[in-house]
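Trainee: Predicted model follows, preceded by the sequence.
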Amino acid sequence: MSSIESLPYRPCAGITVINREGLVFVGRRTDGPEHTDATHVWQMPQGGIDDGEDAYKAALRELYEETNIHSVEKLGEVADWLTYDIPREILTGTWKGKYRGQKQKWYALRFTGDESEIDVRKPGGGKHKAEFLDWRWVKMKELPGLVVPFKREIYEQVVKAFAKFTKP
């Protein structure tokens, strides 16, 4: 086993926010070592789970910290943790090389608020650094084509698990 394969996965919560019309929220990332081209810069909100933190509570926290969204109701979750590896060529620039990738717990949430609540430029009530430059609603089937290729398999699994929630 190589030294990279012996690294742990970073625990993370992923959030699929679905509006009343059955479209999914995606944000355009500001930057970061994970984004290797100008085409695949969109993703759903996600973020690290702190030690001892409940995964669902972490998902709600991360959603608010990245999008300012707090008006949601839980629709479902993926039963298993989904994992992806960071490509070797960018591994040292991602999380200081401490993790080989992420293990993610995914949740589907219905957005119940008004779009004026969404603020990716001043998320978390303006208390958090913006991680997204812009945002939009997309059809769920479009998600795998928007994300960086090494996350595509996870997005395909999320689409399969949550497509039932996109029916308005």
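Mentor: Received, thanks. Remember, predicted model here, so these are calculated numbers, not experimental data.
Trainee: ranges for the strands of the protein?
Mentor: Assigned by DSSP state E, the chain shows strands spanning 9-18, 24-29, 42-43, 46-48, 72-77, 82-85, 101-111, 132-138.
Trainee: Need those strands in TSV (columns: mean pLDDT).
Mentor: Shown next, in TSV, are the strands of the chain (pLDDT from 0 to 100):
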stretch	mean pLDDT
strand 9-18	96
strand 24-29	94
strand 42-43	92
strand 46-48	94
strand 72-77	98
strand 82-85	92
strand 101-111	96
strand 132-138	95
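Trainee: how about the ones you listed in TSV, adding distance to residue 55?
Mentor: (C-beta placed from N, C-alpha, C; glycine too.) Listed next are the strands of the chain as TSV, based on distance: least, Cβ to Cβ, whole Å:
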stretch	distance to residue 55
strand 9-18	5
strand 24-29	19
strand 42-43	18
strand 46-48	11
strand 72-77	9
strand 82-85	12
strand 101-111	4
strand 132-138	22
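Trainee: so which of the ones you listed gets nearest residue 65?
Mentor: In terms of Cβ to Cβ, the element of those nearest to residue 65 is strand 46-48, at 6.9 Å.
Trainee: ok now that closest one, how far from the chain's centre?
Mentor: 6 Å (Cα atoms, centre = their mean, to the nearest Å).
Trainee: ok, residues contacting it?
Mentor: Applying Cβ atoms under 8 Å, 6 or more residues apart in numbering, the set of residues contacting strand 46-48 from outside is 10-15, 58, 61-62, 65-66, 102, 104.
Trainee: so who does residue 166 touch?
Mentor: 18, 22, 23, 24, 139, 140 are the contacts of residue 166 under Cβ under 8 Å, 6+ apart.
Trainee: please redo it, this time with the cut-off set to 6 Å
Mentor: 18, 22, 140 (Cβ atoms under 6 Å, 6 or more residues apart in numbering).
Trainee: low pLDDT regions in this protein?
Mentor: Scanning the chain for pLDDT under 70 picks out the ranges 1-2, 31-39, 90-96, 168.
Trainee: Could you identify the longest helix within it?
Mentor: Counting residues, the longest helix in the chain under DSSP state H turns out to be helix 55-67.
Trainee: Put the alpha carbons of that one into CSV.
Mentor: What follows is helix 55-67, C-alpha atoms only, in CSV (Å, rounded to 0.1, in the frame of the first residue of the first chain):
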residue,chain,number,x,y,z
ALA,A,55,-23.4,14.6,10.4
TYR,A,56,-26.8,16.1,9.8
LYS,A,57,-26.2,19.0,12.0
ALA,A,58,-22.9,19.6,10.2
ALA,A,59,-24.8,19.5,6.9
LEU,A,60,-27.2,22.3,8.1
ARG,A,61,-24.2,24.3,9.5
GLU,A,62,-22.2,24.0,6.2
LEU,A,63,-25.3,24.9,4.1
TYR,A,64,-25.8,28.1,6.1
GLU,A,65,-22.1,28.9,6.1
GLU,A,66,-21.8,28.5,2.4
THR,A,67,-25.2,29.8,1.1
